[in-house]
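S.K.: Pasting the sequence and the predicted coordinates here, then a few questions.
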Amino acid sequence: MTLDDYGALYGEALAPARIAVPEGTLLHRAAGEVLEMAIAYHSDGFAFLRSGDRVNALAAFAYGLGWLDAGSRLGLLEPSGAHPPETMDACIPESRDAHLEEKTHRYRRMLDAALGAVEAAADEASPLHAGAGEFHSAARAWYAEGADLLDAGDRAAALARFSYGYAWLDAGIRAGLFRVTGDRGLFTV
């Protein structure tokens with residue numbers, strides 16, 4: 001899959017997305033914020049792509065799809081779906097190699113720190129506590145896959161996985177699954 005195809009897939013997944021909880025309910029606001037983030041990063045990704053910044057386009061598309069998928073898994077958005085990063089040819093030119101290197105390693109460090117900077121917010125008897133565990137595990141699994149790909153030299157694929165996993169933590173915070181116990185600056189709160 002090319003980066004352009006990835007952006008098109010994102011658009012196809014985003015087009016039918018709508019808030020699944022009734023207006024006026026407590027979760028409606030959280031659903032609106034999750035959908036807003038997914039829409040914003042779709043737009044940002046294409047703005048980066050048009051300007052020739054394929055590194056930031058890749059990160060934006062993966063991060064935004066992470067928000068969309070996390071919102072779907074939470075039951076805040078429908079239709080339900082999953083769009084995890086696939087193997088792709090991001091066609092990042094050699095002139096952007098240093099940028100890809102820096103951003104991938106920075107996102108790895110940030111996601112690693114973010115994983116240690118949250119804890120479940122809900123009581124252990126609540127289904128939301130189990131949900132926090134699921135979201136943390138998902139982010140940790142995407143971190144591990146990204147680290148393996150980075151070690152193998154595939155920085156673009158690693159960046160996509162770090163970005164996607166990070167979105168699951170950020171969406172989990174917005175939805176009330178997590179409490180930030182570390183550096184709040186690591187999150188979009």
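M.R.: Right, received. Where do you want to start? Because the structure is predicted, anything quoted here is derived from the model rather than measured.
S.K.: Does the residue most central in space within the chain belong to a helix, a strand or coil?
M.R.: Nearest to the mean C-alpha position of the chain, counting by Cα atoms, centre = their mean, stands residue 167 at 2.7 Å. State at residue 167, reduced to three classes by DSSP: H, G, I helix; E, B strand; the rest coil: helix.
S.K.: Distance check, it against residue 40.
M.R.: 12 Å (Cβ to Cβ, to the nearest Å). Just so you know, the C-beta spots here come from the backbone N, C-alpha and C atoms, and that holds for glycine as well.
S.K.: Same check on residue 56?
M.R.: Taking Cβ to Cβ, one finds residue 56 at 13 Å from residue 40.
S.K.: what does residue 12 give?
M.R.: Residue 12 is 18 Å from residue 40, by Cβ to Cβ.
S.K.: Give me the more crowded residue out of these two.
M.R.: Neighbour totals were compared for residue 12 and residue 40, and residue 40 leads with 14 against 11 (other Cβ atoms under 10 Å).
S.K.: Which parts of this protein are strands?
M.R.: Under the criterion DSSP state E, strands of the chain are mapped to 18-19, 77-78, 118-120, 178-180.
S.K.: Among those, show me which one is buried the most.
M.R.: Mean neighbours per residue, mean count of other Cβ atoms under 10 Å, is largest over the strands of the chain for strand 77-78, with a mean of 21.
S.K.: Could you list every helix and strand that it packs against?
M.R.: strand 18-19, helix 26-50, helix 54-74 (3 or more Cβ pairs under 8 Å, 6 or more residues apart in numbering; DSSP states H and E).
S.K.: ok, back up a step: and the nearest residue to the residue nearest to the centre of the chain once chain neighbours are set aside, what does it touch?
M.R.: In space, and not counting its chain neighbours, residue 167 is closest to residue 66: 2.6 Å by Cβ to Cβ, 6 or more residues apart in numbering. By Cβ atoms under 8 Å, 6 or more residues apart in numbering, residue 66 lies in contact with 163-168, 171.
S.K.: could I get those as CSV with distance to residue 132 and pLDDT?
M.R.: CSV is the format used below for the contacts of residue 66 (distance: Cβ to Cβ, whole Å; pLDDT from 0 to 100):
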residue, distance to residue 132, pLDDT
163, 21, 98
164, 18, 98
165, 15, 98
166, 16, 98
167, 15, 98
168, 11, 97
171, 12, 96
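S.K.: Kindly reformat these as a markdown table and extend each row with distance to residue 94.
M.R.: Below are these laid out as a markdown table (distance: Cβ to Cβ, whole Å):
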| residue | distance to residue 94 |
| --- | --- |
| 163 | 22 |
| 164 | 25 |
| 165 | 27 |
| 166 | 26 |
| 167 | 28 |
| 168 | 32 |
| 171 | 34 |
